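Undergrad: need a 3D model of the following:
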Amino acid sequence: MDDKAGLEVLKDLADLIAARDGAAADTSYTASLLAGGMETCAQKVGEEAVEFAIAAVAGKREAATAEAADLVYHLLVALHAADISLDDVLGELARRQGTSGHAEKAARVATGER
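TA: Numbers count the residues shown, from 1 in each chain. The predicted structure follows:
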């Protein structure tokens, strides 16, 4: 899959998540997560991140890929719950391009951001 197609998959998923917001929680897993609030959404992001890390460290490529997909989905749900768009995140990533990760981290620490 090329980069453009991959980005479209993410945007389509973000749009689907937004469309499911407010749906009956018993008919949509996404709606049930959103109905649980930010705490539920954040907890799922944490769980999926740990499951990905365990699979990746164990060298289980297929399992790590599946867990990464789960993590991305749950992250998009949590972003929606926080009223942060995928475009907001992509804009932040674009802003950081060309900046050393160490320099970017040092700038955040210097300004009191994490």
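Undergrad: shaky segments in this structure?
TA: Scanning the chain for pLDDT under 70 picks out 104, 108, 114.
Undergrad: and it, what are its domains?
TA: 3-83, 85-114 (automatic domain parsing).
Undergrad: which of those domains sits most buried?
TA: For these, the largest average neighbour count (mean count of other C-beta atoms under 10 Å) is found in domain 3-83, namely a mean of 15. All C-beta atoms are positioned from the backbone trio N, CA, C, and that covers glycine.
Undergrad: helix or strand for the residue nearest the centre of the chain, which one?
TA: Of all residues in the chain, the one closest to the mean position by C-alpha atoms, centre = their mean is Leu75, 2.5 Å from it. Here Leu75, judged by DSSP states H and E, is contained in helix 61-81.
Undergrad: elements contacting that helix?
TA: helix 3-20, helix 29-35, helix 37-57, helix 86-96 (3 or more C-beta pairs under 8 Å, 6 or more residues apart in numbering; DSSP states H and E).
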